[in-house]
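Q: Provided below for reference: sequence and predicted model.
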Amino acid sequence: MIRIEHLGIAVKDLNAAEAVYARLLGVAPYKREAVEREGVITSFFQVGPNKIELLESTRPDGPIAKAIEKRGEGIHHVAFEVDDIRAEMARLKAEGFTLLSEEPKPGADNKLVCFVHPRDANGVLVELTQERR
Ligand code: CO
């Protein structure tokens, strides 16, 4: 793994949260992007070499809506940049981690992504993210 690429934060109201994080970080979000298959709309802030991804659910039964129902708003996942997502998925599988998809999936921000089950990482939902090329 190369570095922490972004932190994903689950929010109820993307407009309101964007205003808060713009004030907090002192920069405007650089991109909004819907990932309709995942039922989310995302907003990205660049913070030095890292990013903050705000996530709002687009449907009441989406994963972000469910997470907020269970645990309230807050940090939802930690995303690690990887060079070769398939190799990293194979490595983690061999290490006994449960992957939430068999194949990398198209994510926001021109990425391929795969999630690791939080029960295997002390309650943290881990995202692997690789630039699409
Ligand atoms: Co993410």
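A: Right, received. Where do you want to start?
Q: Residue of the protein closest to the ion, please.
A: In the chain, no residue comes nearer to the ion than Gly8, which is 4.0 Å away by C-beta to the ion. For glycine as for every other residue, the C-beta is placed from the backbone atoms N, C-alpha and C.
Q: For that residue, give the beta-bridge partners.
A: Listed beta-bridge partners, Gly8: Glu53, His77 (assigned using DSSP bridges).
Q: ok so Ala67 is a strand residue?
A: No: counting by DSSP: H, G, I helix; E, B strand; the rest coil, Ala67 falls outside a strand, being helix.
Q: Isn't Lys93 up against Leu99?
A: Yes: counting by C-beta atoms under 8 Å, Lys93 sits close enough to Leu99 to count as a contact (6.2 Å).
Q: Point me to the residue sitting farthest from the middle of the chain.
A: Of all residues in the chain, Ala94 sits farthest from the chain's C-alpha centroid, using C-alpha atoms, centre = their mean; the distance is 23.1 Å.
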